[in-house]
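Undergrad: Dropping the sequence and predicted coords here.
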Amino acid sequence: MAKILVIDDNIDICQLLERFLTKKGYDVETTISGKTGLEMVKKTFYDLIFCDFKLRDMEGRDVLMKVRETSPGTQVAIITGYADVKIAVEVIKNGAFDYVTKPLIPDEIINLIERALASTKANKSNTQTFTKATNLKSEKSTGSDTNSSKFLKGTGKESKKLYKEVALVAPTNLSVVIYGESGAGKENIARTIHEQSERAGKPFVAIDCGALTKELAGSELWGHEKGAFTGALTEKAGQFEVADGGTIFLDEIANLSYETQVGLLRLVQERKLRRIGGTKDKSIDVRILVASNEDLRQAVSDGKFREDLYFRFNEFSITVPPLRNRQGDIEAFAYHFLELSNDELNKKVFGFEQQVMDIFMEYPWPGNLREMRNVIRRATLLSDGGKISSAALPPEIVYARKFNFTESPSEGDSSGKSKPKLPLNLKDAAAEAEAEVLRKVLEEVKYNRTQAAKQLGIDRKTLFNKMKQYDL
Ligand SMILES: Nc1ncnc2c1ncn2[C@@H]1O[C@H](COP(=O)(O)OP(=O)(O)OP(=O)(O)O)[C@@H](O)[C@H]1O
């Protein structure tokens with residue numbers, strides 16, 4: 001029987017939920033105090049917790065953070081007094097399963113519980129571990145497409161956080177901005193969101209906006225009628241029409257011309273499009289995911305990107321971590337790409353010399369997964385069976401080690417194993433110093449964000465973003 005805990009300082013809500021959910025066959029406990037709730041979580045495993053956003057003794061978001069630490073397998077749903085998309089986005093980003101608004105509606109509550117329990121079950125059965133020659137544990141992506149075996153989820157702290165966010169946002173219809181460095185896997189994440197949504201099985205269309213010229217963009221996105229312009233010899237459906245019912249992924253969105261942004265805004269607002277040269281509007285039902293490797297808010301301040309469009313897209317955002325921050329998964333990715341390369345090149349290279357793995361751990365991988373895949377494909381081609389040695393690596397990767405002269409705390413998962421030191425450039429050093437100051441101030445003010453923001457001379461939103469960035 002699923003165990004549910006209700007934490008709400010309104011005793012009526014506690015009693016109401018207890019009576020209702022017990023009747024529905026759940027094992028329910030309640031408390032009006034956040035602190036008592038956390039004590040209960042230490043002693044008992046709950047499948048799901050309903051927690052009020054504003055408790056008398058604690059904030060719901062702090063309860064959520066603590067539950068995530070002490071009982072990561074427990075789902076948390078936040079109860080709020082009113083529908084506020086900001087609160088929703090914030091709590092979901094912090095790891096809540098979902099949120100419900102008062103007055104509580106029985107059907108909504110039951111629906112949420114069923115989804116939360118199903119998601120826990122799916123997470124458990126999707127975790128497929130397998131053993132490599134090196135006793136390496138990896139987690140394969142379990143998308144429904146035939147390419148799923150080409151992708152690895154990873155089991156490190158950063159990867160888990162990433163896929164948790166994906167699992168949270170995928171079933172919704174929210175637009176998502178996916179941030180990340182080039183080659184970090186943004187498109188793969190967009191595809192995973194699509195595959196984990198109700199739109200799976202419908203089209204997924206990926207468009208590189210960086211490759212669309214101003215002239216091409218309109219016809220590519222909205223399509224055109226025959227004779228709409230010189231050269232339009234036949235009619236052509238645009239990519240939004242092709243994606244109808246499914247998901248469209250607009251990569252490098254900041255590169256779209258102003259004109260195209262205006263067209264896109266109209267489409268997003270009215271959910272209708274008109275082909276170039278056409279006379280009729282067509283209704284379109286497409287979920288939009290966008291990616292950028294530059295900060296879109298910055299692009300807005302620079303006047304490069306329309307603010308209204310940014311707000312439409314930024315219903316949720318996900319950052320795909322760079323490979324160098326996924327230290328706990330570097331070995332797994334290396335073996336994964338070796339397996340793919342062996343298949344593709346019909347080779348039987350069976351591993352890496354220790355020195356190569358050390359180089360991989362220390363190298364900052366500016367081109368991320370794409371770069372690693374290419375490096376390993378090349379090394380597999382150059383190797384005659386046996387293990388890959390450093391002689392098969394491009395000199396710039398081997399050479400990069402020589403510049404590893406600075407001290408850097410190890411990053412990666414929380415396995416507690418000592419990790420090789422990472423090369424530290426000026427940018428990383430500045431970020432580390434910033435994270436350190438933030439950590440100290442937050443500890444000083446017991447994680448009271450308003451006070452911390454005041455003390456640091458920044459607004460709460462900036463503080464929140466930085467806490468997320470540095471995982472504080
Ligand atoms: N989880 C993964 N497991 C294995 N390979 C991956 C994974 N994610 C991405 N890749 C591979 O890494 C390469 C880059 O991935 P992808 O195109 O998704 O990155 P991107 O961030 O969208 O890149 P860009 O910024 O250049 O558009 C691809 O070859 C892809 O197959």
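TA: In hand now; what should we look at? Predicted model only: the values in this text are computed from it and were never measured. Numbers count the residues shown, from 1 in each chain.
Undergrad: Could you say whether Ser317 sits in a helix, a strand or coil?
TA: At Ser317, secondary structure determined by DSSP: H, G, I helix; E, B strand; the rest coil is strand.
Undergrad: show me the contacts for it.
TA: 176-179 (Cβ atoms under 8 Å, 6 or more residues apart in numbering). Quick note: C-beta positions are derived from backbone N, CA and C, even for glycine.
Undergrad: Can I get those residues in TSV including secondary structure, distance to Ser283 and pLDDT?
TA: Shown next, in TSV, are those (DSSP: H, G, I helix; E, B strand; the rest coil; distance: Cβ to Cβ, whole Å; pLDDT from 0 to 100):
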residue	secondary structure	distance to Ser283	pLDDT
Val176	strand	22	95
Val177	strand	25	95
Ile178	strand	26	96
Tyr179	strand	31	94
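Undergrad: Tell me the one among the residues you listed nearest to the ligand.
TA: Distance to the ligand, by Cβ to the nearest ligand atom, is smallest for Ile178 among the contacts of Ser317, at 8.0 Å.
Undergrad: That closest one against Val290, yeah?
TA: Yes - look at Ile178 against Val290 with Cβ atoms under 8 Å: they come within range, at 7.0 Å.
Undergrad: Next up, the contacts around Ser159.
TA: Applying Cβ under 8 Å, 6+ apart, the residues contacting Ser159 are 139, 153, 321, 326, 328-329.
Undergrad: Is the one helix or strand it maps to in proximity to the ligand?
TA: For Ser159, the element it lies in under DSSP states H and E is helix 157-169. No - Helix 157-169 does not reach the ligand (Cβ under 6 Å from any ligand atom); its nearest approach is 8.4 Å.
Undergrad: Could I get the contacting residues of Asn173?
TA: 197, 287.
Undergrad: do you know how far Lys157 is from the ligand?
TA: Here Lys157 is placed at a distance of 16 Å from the ligand (Cβ to the nearest ligand atom, to the nearest Å).
Undergrad: can you check Gln354 too?
TA: 23 Å.
Undergrad: and that residue, what are its phi and psi?
TA: Dihedral pair for Gln354: phi -50, psi -40, per degrees, to the nearest 10.
Undergrad: Can you get me a residue count around it?
TA: 9 (other Cβ atoms under 10 Å).
Undergrad: What of Pro203?
TA: Pro203 has 16 nearby residues by other Cβ under 10 Å.
Undergrad: Check which residues of the helix holding Ser159 are buried.
TA: Neighbour counts over helix 157-169 (16 or more other Cβ atoms under 10 Å) mark 157-163, 165-169 as buried.
Undergrad: May I see the buried residues of the helix or strand that contains Phe360?
TA: Assigned by DSSP H and E, Phe360 belongs to helix 354-362. For helix 354-362, the neighbour count (16+ other Cβ under 10 Å) marks 356-357, 359-362 as buried.
Undergrad: how distant is it from the center of its chain?
TA: 27 Å (Cα atoms, centre = their mean, to the nearest Å).
Undergrad: list the helices and strands that helix packs on?
TA: helix 327-345, helix 395-400 (3 or more Cβ pairs under 8 Å, 6 or more residues apart in numbering; DSSP states H and E).
Undergrad: Return, as residue ranges, the portions of this protein with sub-threshold pLDDT.
TA: For the chain, residues meeting the criterion pLDDT under 70 lie at 82-86, 121-149, 401-430.
Undergrad: Spell out which parts of it neighbour the ligand.
TA: So the chain meets the ligand at 151-152, 180, 182-188, 251, 293, 336, 369-370, 373 (Cβ under 6 Å from any ligand atom).
Undergrad: Apply the buried test to the residues you listed and list what passes.
TA: 151-152, 180, 183-188, 251, 293, 336, 369, 373.
Undergrad: need these in a markdown table with secondary structure, can you?
TA: Shown next, in a markdown table, are these (three-state DSSP):
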| residue | secondary structure |
| --- | --- |
| Phe151 | coil |
| Leu152 | strand |
| Gly180 | coil |
| Gly183 | coil |
| Ala184 | coil |
| Gly185 | coil |
| Lys186 | helix |
| Glu187 | helix |
| Asn188 | helix |
| Asp251 | strand |
| Asn293 | coil |
| His336 | helix |
| Leu369 | helix |
| Arg373 | helix |
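Undergrad: mind putting the residues you listed in a markdown table, distance to Gln239 included?
TA: Formatted as a markdown table, those follow (distance: Cβ to Cβ, whole Å):
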| residue | distance to Gln239 |
| --- | --- |
| Phe151 | 23 |
| Leu152 | 29 |
| Gly180 | 22 |
| Gly183 | 23 |
| Ala184 | 24 |
| Gly185 | 22 |
| Lys186 | 18 |
| Glu187 | 15 |
| Asn188 | 19 |
| Asp251 | 12 |
| Asn293 | 21 |
| His336 | 31 |
| Leu369 | 25 |
| Arg373 | 26 |
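Undergrad: Closest to Asn448 out of the residues you listed?
TA: Asn448 lies nearest to Gly180 out of these, by Cβ to Cβ, at 31.0 Å.
Undergrad: ok, Asp471 - contacts?
TA: So Asp471 contacts 157, 161 (Cβ under 8 Å, 6+ apart).
Undergrad: ok, it to Ser317 distance?
TA: Distance from Asp471 to Ser317, counting by Cβ to Cβ, to the nearest Å: 15 Å.
Undergrad: what do you get for Ile193?
TA: 12 Å.
Undergrad: go on, Thr36?
TA: In terms of Cβ to Cβ, Thr36 sits 34 Å off from Ser317.
Undergrad: what about the nearest residue to Met467 once chain neighbours are set aside, how many neighbours?
TA: Once flanking residues are discounted, Met467 sits nearest to Leu438: 6.9 Å by Cβ to Cβ, 6 or more residues apart in numbering. Leu438 has 19 neighbours, counted by other Cβ under 10 Å.
Undergrad: and Leu438, which of the three is it?
TA: Reduced to three states by three-state DSSP, Leu438 is helix.
Undergrad: these two touch, right, it and Lys466?
TA: Yes - with contact defined as Cβ under 8 Å, Leu438 reaches Lys466; the gap is 5.9 Å.
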